[in-house]
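Engineer: Need a 3D model of the following:
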Amino acid sequence: MKKYVGLDVSLEETAICIVDDQGKILAERKVPSLPEAIAAFIRERAGEVDRIGLETGPLAVWLWNELRAFSLPAICIDARHAKAGLSMMINKTDRNDAVGLAQIMRTGWFRQVHVKSGASHVTRALLTSRGLLVGMRGDIDNQVRGLLKTFGILFGKRVGGFMKRAEELLAGELSASPELSKLVGTLLKTRAELQSRISDLDRDLMRQAKASEVCRRFMAVPGVGPVTALSVWAAIDDPARFVRSSSVGAYLGLTPRRYASGEVDLSGHISKCGDQEVRTHLYEAANVLLTRIKKPSGLQTWGLRIAKRSGFKKAKVAVARKLAVILHSMWCDGSEFRWMPEPDAVP
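Structural biologist: Below is the predicted model:
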């Protein structure tokens, strides 16, 4: 008799439900959200099982890896897909969710989620930490600008960057106000410390990118730096899981939503599914490619044609999607980015 298990995981406890191949509930219990406790209950009450299902969530990666280490057939499924089935139950409880997940495992109506490698998660944590610090630096910049406007001091733009302009104001217009000068000085010291930590992370990212043969090839693409290269590498993790490179654009939420029913067939804005930070990095790379790179390439020419027809914003999204496809293709076949041939090289 085949047996299937559903796990509804929360921070403190996990609701477990075991069903047979006819959908009959064999055992239920709440146990601490620890791999040892979950594995012990399953082996005690079910022995060998065919599938163990849990939804994506904060503890999903850890539990999936630990249950696999116990030789249990854990499967991680998309929480959005599971919600469609679980919403059919009138009462929303942990017990009912575990029952629903067990039934989903039994019927096979689920899409398995790829659980990324430990190296990808470490890189992702590094990128997320850097992004957090960059955001804090931007918040301080905006706070200083807004604070000075209250007193009629316009920050403006100067050659040399934010800190140089701030030092000019401290030595000039703010020197007559010791209280305000002290406050702004405190914010600037904090900003300088943040910038130092960001620089440390940037060096770590650069070392990691240079150590990866794949990322080195990624960085040969115009507009793609170490942050974008590592971001895409960590998001894809295993290139073989995409049958077609064009699927990467949809995976990262860079393809338009579509609504088709009867005579109606509408294409909307991009879906924005998947990793937002990777999407942001690709969009920034596309912006650099279209506005700063002087050496011509087929990708740049294609993007500029779209910009002329539909505007730069849509062109950047299109180029970001194309970059994702190109990077995946380069990873799969080991190729290099192909620039336009030089005029002398054209036959």
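Engineer: which helices and strands does the helix or strand in which residue 234 is found pack with?
Structural biologist: Assigned by DSSP states H and E, residue 234 belongs to helix 226-236. Packed against helix 226-236 by the contact rule (3 or more CB pairs under 8 Å, 6 or more residues apart in numbering; DSSP states H and E) you find helix 118-150, helix 178-211, helix 213-218, helix 276-291, helix 312-333. C-beta coordinates here come from the backbone N, C-alpha and C atoms, glycine included.
Engineer: Quick check: buried residues in the fourth one?
Structural biologist: Right, the one you point to is helix 276-291. For helix 276-291, the neighbour count (16 or more other CB atoms under 10 Å) marks 277-279, 281-287, 289-290 as buried.
Engineer: Redo the residues you listed as a markdown table? Include distance to residue 22 and pLDDT.
Structural biologist: A markdown table is the format used below for these (distance: CB to CB, whole Å; pLDDT from 0 to 100):
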| residue | distance to residue 22 | pLDDT |
| --- | --- | --- |
| 277 | 45 | 96 |
| 278 | 43 | 97 |
| 279 | 44 | 97 |
| 281 | 49 | 97 |
| 282 | 48 | 98 |
| 283 | 50 | 98 |
| 284 | 54 | 97 |
| 285 | 53 | 97 |
| 286 | 53 | 97 |
| 287 | 57 | 97 |
| 289 | 57 | 96 |
| 290 | 59 | 96 |
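Engineer: OK, contacts around residue 174?
Structural biologist: Counting by CB atoms under 8 Å, 6 or more residues apart in numbering, residue 174 makes contact with 153, 180-181, 184.
Engineer: sorry, back to before: what comes into contact with the following helix or strand past the helix holding residue 234?
Structural biologist: Going down the chain from helix 226-236, the next helix or strand is helix 247-251, by DSSP H and E. The contact list for helix 247-251, computed with CB under 8 Å, 6+ apart, reads 236, 242, 255, 271, 273-274, 321-322, 324-325, 327-328.
Engineer: go on, stretch 105-114?
Structural biologist: Residues outside stretch 105-114 that contact it (CB under 8 Å, 6+ apart): 4-6, 19, 21, 23, 50-53, 56, 75-78, 81-82, 85, 104, 237-238, 241.
Engineer: Please give the centre-to-centre distance between that stretch and its chain.
Structural biologist: A distance of 23 Å separates the centroid of the chain from that of stretch 105-114, by CA atoms, centre = their mean, to the nearest Å.
Engineer: how about that stretch: buried residues?
Structural biologist: Buried residues in stretch 105-114 (16+ other CB under 10 Å): 105-106, 110, 113.
Engineer: Could I get these in CSV, plus columns for pLDDT?
Structural biologist: What follows is these, written out as CSV (pLDDT from 0 to 100):
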residue, pLDDT
105, 96
106, 95
110, 90
113, 93
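Engineer: want to throw those into JSON lines with distance to residue 222 and secondary structure?
Structural biologist: Formatted as JSON lines, those follow (distance: CB to CB, whole Å; DSSP: H, G, I helix; E, B strand; the rest coil):
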{"residue": "105", "distance to residue 222": "46", "secondary structure": "helix"}
{"residue": "106", "distance to residue 222": "50", "secondary structure": "helix"}
{"residue": "110", "distance to residue 222": "40", "secondary structure": "coil"}
{"residue": "113", "distance to residue 222": "33", "secondary structure": "coil"}
